[in-house]
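[1] Give me a model of this one.
(chains A, B and C)
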Amino acid sequence: MHLTKLKRGFYNRDTIEVARDLLGKYLVRVDHGERRIGRIVEVEAYLGPHDLAAHTSRGITPRTRIMFGPPGHAYVYMIYGMHYCLNLVTQPSGHGSAVLLRAIEPVRGIHGRTQGPGLLCRAMNIDLHLNGCDLLGKDLYVAAARQPQARFGIVRRPRIGVDYAGHWARRLLRFYIKGSPFVSRP
DNA sequence: CTCCGGATTCGT
DNA sequence: CGAATCCGGAGT
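    The predicted model follows:
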């Protein structure tokens, strides 16, 4: 399959548009010369400091520094002391928004399950050393297929695991490819 | 410094 | 439904 790496302008847009446009794109991880590829099937948008479910709602801290930084970078954090989550920073520097990648469909070089943000990172060997990684580099990036792809429907749902966030927990900011068997929670 | 709880996953 | 497991952020 012929893939074209997305440029920074793709990420420097409205976070909800980026989230929807990431569906069907390909996450590429190059690790010790090994190339792992997964098709993105499920994402969540985190809009900025006003979004009470977003880490940036606490302001600029050592952890959220990357998420407040320029678009097109990876924001990786540890959760529950044992899993990692991968986000892609969106919009101009200072905005504090990102898209969480929740599930991918294995395409190449992937062993193990990929349904859920923690499992996705495990399968792609993504951990804190990739926090702040430039998505225009060679270790980790998103690419579009050059060949036209089959069309798909998009389902909108509330985000997972953010019940503490008041009315923000009910916003429809989770997107996934309709009918995909690789979504974490259909 | 201590304390609380989490953008999860797995086993009971 | 609860444990695993540890660090970030907030409060003292």
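[2] And the strands in chain A?
    Secondary structure of chain A (DSSP state E): strands at A:3-5, A:26-31, A:34-46, A:74-79, A:83-90, A:97-108, A:140-145, A:154-157, A:174-177.
[3] any chance of these in TSV, with mean neighbour count and mean pLDDT too?
    Any C-beta I mention is one placed from the backbone N, CA and C, and that applies to glycine too. Formatted as TSV, those follow (neighbours: other Cβ atoms under 10 Å; pLDDT from 0 to 100):
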stretch	mean neighbour count	mean pLDDT
strand A:3-5	14	98
strand A:26-31	20	98
strand A:34-46	22	98
strand A:74-79	18	98
strand A:83-90	24	99
strand A:97-108	23	98
strand A:140-145	18	98
strand A:154-157	14	98
strand A:174-177	23	98
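[4] Tell me which of those sits nearest to DNA strand C.
    strand A:74-79 (5.4 Å; Cβ to the nearest atom of the strand).
[5] Please list the residues outside the closest one that contact it.
    Strand A:74-79 is contacted from outside by A:55, A:63, A:66-67, A:84-89, A:98, A:117-118, A:121, A:126-128, A:130-133, A:135, A:140, using Cβ atoms under 8 Å, 6 or more residues apart in numbering.
[6] tell me the angle of that strand relative to strand A:83-90?
    Using axes from the mean of the first three to the mean of the last three Cα atoms, to 10 degrees, the direction of strand A:74-79 lies 150 degrees away from that of strand A:83-90.
[7] Paired strands for strand A:74-79, with orientation please.
    strand A:83-90 (antiparallel) (DSSP bridges).
[8] got the CA coordinates for the partner strand in CSV?
    Taking Å, rounded to 0.1, in the frame of the first residue of the first chain, the C-alpha atoms of strand A:83-90 are listed here in CSV:
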residue,chain,number,x,y,z
HIS,A,83,-1.1,1.8,30.5
TYR,A,84,-0.2,4.5,28.0
CYS,A,85,-2.5,6.6,25.9
LEU,A,86,-1.5,8.3,22.6
ASN,A,87,-2.9,11.7,21.6
LEU,A,88,-2.2,13.9,18.6
VAL,A,89,-1.9,17.6,19.3
THR,A,90,-4.2,19.8,17.3
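[9] OK, contacts around the closest residue to residue A:147 other than its chain neighbours?
    The shortest distance from residue A:147 to any non-neighbouring residue, by Cβ to Cβ, 6 or more residues apart in numbering, is to residue A:2 (6.8 Å). Residues near residue A:2 by Cβ under 8 Å, 6+ apart: A:145, A:146, A:147.
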